[in-house]
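Colleague: here's a sequence, model it:
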Amino acid sequence: IVLSYGPEIGDLSDIASSVTGGKVKLLYLQEKYPHGDSRYNVLYLVSSALPPYAAILARWVKSKGVKVVLNQNGVGYPGWTKDHQSINSELSIVLSLADLVIYQSQFCKDAADYFLREASSPWTILFNCTDLDKFKPETVRAPSSPLRLLVAGSHYQRERVTLALSALRLLLNSGLDVELVIAGPIPWDRSGAEIIKLTHTLKLSESVRVIGPYSQNAAPTIYQSADILLHLKYKDPCPNVVIEAMASGVPVIGS
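Modeller: Below you'll find the predicted structure:
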């Protein structure tokens with residue numbers, strides 16, 4: 001078995017320093033099945049991390065006898081982006097070409113059945129994994145002061161960060177000694193200016209720390225230093241950060 005993860009996506013050596021989201025599972029897969037750049041018999045695609053022209057690629061490799069596996073997590077929907085139809089159009093084609101579809105959860109299958117199509121090929125449900133040798137509770141965990149809240153992962157949605165900042169203000173108003181750590185890329189337009197403005201408006205400058213993108217090697221330490229993970233993305237399909245936090249012994253508050 002030789003896997004390809006598609007051009008650009010397959011070259012994980014360049015992105016491993018700050019991988020979050022759908023690409024994390026590819027790091028685990030690459031340990032057992034290194035990316036085959038030109039000679040491979042399985043094309044393994046992740047719906048949230050598709051290579052360029054994924055549908056054209058999938059159709060071409062199938063004509064060469066290569067099997068296609070699709071790991072299907074999120075879909076496009078109107079409340080998320082105006083481009084949901086074009087996103088779903090490509091995903092629907094890839095799903096129809098897949099020889100095996102792996103859904104991250106029953107919710108992912110229900111969403112794909114509704115927005116894309118029902119799989120005509122064999123399918124299964126397999127949750128995201130995490131390395132329990134790396135992500136584990138601290139042996140001795142001293143109570144931290146102040147209480148440390150954490151938001152982590154790829155923050156494409158504003159509410160993952162803005163709601164956490166509002167919650168921080170409410171907790172401080174109630175008299176709690178608490179701080180918020182924001183870890184991971186924040187790629188929405190003008191996110192930096194928006195966070196600075198909101199932090200200033202809510203008078204949180206002394207209680208917020210932004211550490212930006214982080215590597216998978218650094219992730220366990222980030223979780224272990226937190227008291228609570230806030231994961232406020234609405235209806236997240238199967239978030240790695242929640243699984244990693246749970247494995248690290250960190251309580252999770254999610255939407």
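Colleague: can you give me the helices for the stretch 51-200 of the chain?
Modeller: Secondary structure of the stretch 51-200 of the chain (DSSP state H, counting those that start in this stretch): helices at 54-63, 84-97, 106-115, 159-173, 191-201.
Colleague: wait, which of those is closest to E8?
Modeller: With CB to CB, the closest approach to E8 among those belongs to helix 54-63: 10.9 Å. C-betas here are computed from N, CA, C, even on glycine.
Colleague: quick check: mean pLDDT of that closest one?
Modeller: In this model, helix 54-63 has a mean pLDDT of 96.
Colleague: can I get the helices of the stretch 51-200 of the chain in TSV with mean neighbour count and distance to K136?
Modeller: Putting the helices of the stretch 51-200 of the chain into TSV (neighbours: other CB atoms under 10 Å; distance: least, CB to CB, whole Å) gives the following:
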stretch	mean neighbour count	distance to K136
helix 54-63	17	35
helix 84-97	18	35
helix 106-115	17	27
helix 159-173	18	25
helix 191-201	14	31
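Colleague: switch these over to CSV; also include distance to K235.
Modeller: Formatted as CSV, the helices of the stretch 51-200 of the chain follow (distance: least, CB to CB, whole Å):
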stretch, distance to K235
helix 54-63, 23
helix 84-97, 14
helix 106-115, 7
helix 159-173, 11
helix 191-201, 21
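Colleague: so what's L168 up against?
Modeller: 149, 178-180, 202, 204, 207-208 (CB atoms under 8 Å, 6 or more residues apart in numbering).
Colleague: run the last query once more with 7 Å
Modeller: 149, 178, 180, 204, 207 (CB atoms under 7 Å, 6 or more residues apart in numbering).
Colleague: farthest pair within the residues you listed?
Modeller: Farthest pair in the contacts of L168 (CB to CB) is L149 and L204. Separation: 11.6 Å.
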